[in-house]
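>>> mind folding the following:
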Amino acid sequence: MPIRGVLFDVDDTLFDYSGSEKAGILAHLRETDLLTRFPSPQAALKRWRAVMETQYARFLAREITFRGQQHERTRQFLADLGQAGAEHLTDDQAAAWFAGYAAHRDAAWAAFPDAAPVLAELAPHYRLGIVSNSDADHQRRKLHAIGLLDHVADVLVCSDQHGEPKPAPGIFHAGCAALGLAPDEVAYVGDNYALDAEGAHRAGLTAFWLDRTASGAPVAEGIHVLHSLDGLAKALAA
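From the prediction side, this is the model:
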C-alpha cells in the first residue's frame, strides 16, 4: 500500500525542544542567582531534565494536569536545592517561578532548519498531521510561534485529549483516522526510538526514527532511520 499520509512528533523532531529548554533554564537560574548552586551549568540542566521526566510522566499517566506538572516540577526542583518551604509553594507561587523559566524558554523557541522545507515539500503530495505526547493547546501555540502550524493544523492529536500517550497503538490509530487513512497508508516520524519508532511500527504504520545525532544504535527490522528530515521525501517515495 503506498504511503498517502505522514504524521510527525513535535519536540526534538520538528521543534528544537532541547535547545530551548537548555536556554530557558540556564537563563532563569542565572537571573534568580541559583546557577551557582550547581557545580556546572550541565549539572543544573541534568537535574532540571530529571525532574521534568519524573513529573511529566505523571501528566502522561493522567495523575496531574499539564499545568500541575509545571507546578510540581518547580516544587521538586527547588526542594532538591534545599530551598526552604519549596514543597509548600502555592500553585500561584510555583506558576510564577515557572513563568520566569518559560519566558526565557519561549524566547528561544525555534523549528529545526529542515522542518519547514520538508513540510512544504510534502504538503502537495501527502496528508500531514501531528501525534504528540503533550497538551494540544500548548503544541498548537508552539507550532504557530515557529511557523509550522499551517502545515499540520487540521490533524493535531495529543495525549491530553486522546487519553493515552505514545507508544500505545490507539493514539497512532487516532492520528491515522484523523487523516482519513488506514495505518498501512501512513508514515510516522519521530526522534524517540521507543515511543515513536517502535510504537508506530507496532501500530502498523511505516516508522521512521529521526536519529539526528547519527548514534549508530541498532534498530529493529522494519524501522527506517533518518539523520535529518531532508531525506524524508525521497525515503517515502521509495
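
>>> chain center to the biggest helix by length in the chain: distance?
Secondary structure of the chain read by DSSP state H shows that its longest helix is helix 41-60. Distance, stretch centre to chain centre, for helix 41-60: 14 Å (CA atoms, centre = their mean, to the nearest Å).

>>> tell me what it is packed against?
helix 17-31, helix 66-80 (3 or more CB pairs under 8 Å, 6 or more residues apart in numbering; DSSP states H and E). For glycine as for every other residue, the C-beta is placed from the backbone atoms N, C-alpha and C.

>>> nearest to Ala95, of the ones you listed?
helix 66-80 (6.2 Å; CB to CB).

>>> just want the angle from the closest one to helix 17-31.
50 degrees (axes from the mean of the first three to the mean of the last three CA atoms, to 10 degrees).

>>> and the helix or strand following helix 66-80 with helix 17-31, angle?
Going down the chain from helix 66-80, the next helix or strand is helix 91-107, by DSSP states H and E. Helix 91-107 and helix 17-31 are oriented at 120 degrees to each other (the same axes, to 10 degrees).

>>> report the rounded mean pLDDT for helix 91-107.
Helix 91-107 shows a mean pLDDT of 97.

>>> chain center to that helix: distance?
Offset of helix 91-107 from its chain centre (CA atoms, centre = their mean): 19 Å.

>>> that one: which residues count as buried?
93-94, 97-98, 100-101, 104-105 (16 or more other CB atoms under 10 Å).

>>> before we move on, what about stretch 178-192?
Buried residues in stretch 178-192 (16+ other CB under 10 Å): 178-179, 181, 183, 185-192.

>>> reformat these as CSV; add pLDDT.
As requested, the buried residues of stretch 178-192 are exported to CSV (pLDDT from 0 to 100):
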residue, pLDDT
Ala178, 97
Leu179, 98
Leu181, 98
Pro183, 98
Glu185, 98
Val186, 98
Ala187, 98
Tyr188, 98
Val189, 98
Gly190, 98
Asp191, 97
Asn192, 97
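
>>> which of these fall in strands?
In strands, defined here by DSSP state E, the members of the buried residues of stretch 178-192 are 186-190.

>>> tell me which of the helices and strands packed on helix 41-60 lies nearest to Lys166.
helix 17-31 (15.1 Å).

>>> surely Tyr56 and Gln69 touch.
Yes: using CB atoms under 8 Å, Tyr56 is in contact with Gln69, at 5.6 Å.

>>> tell me the domain ranges of this protein?
Following automatic domain parsing, one gets these domains for the chain: 5-16+110-237, 17-107.

>>> dump the helices and strands packed on helix 41-60 to CSV, plus mean neighbour count and mean pLDDT.
CSV is the format used below for these (neighbours: other CB atoms under 10 Å; pLDDT from 0 to 100):
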stretch, mean neighbour count, mean pLDDT
helix 17-31, 18, 98
helix 66-80, 20, 97
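
>>> and of those helices, who's closest to Pro124?
Checked against CB to CB, the stretch from these lying closest is helix 17-31, at 27.9 Å.

>>> please list the residues outside that closest one that contact it.
Contacts to helix 17-31, defined as CB atoms under 8 Å, 6 or more residues apart in numbering, come from residues 10-12, 35, 38, 41, 44-45, 48-49, 52, 100-110.

>>> per-residue pLDDT, the residue lying closest to Ser228 once chain neighbours are set aside?
Using CB to CB, 6 or more residues apart in numbering and skipping the chain neighbours, the partner closest in space to Ser228 is Asp114 (5.1 Å). What the model reports as pLDDT for Asp114 is 98.

>>> quick one: contacts for Asp114?
With CB under 8 Å, 6+ apart, Asp114 has these contacts: 228-230.
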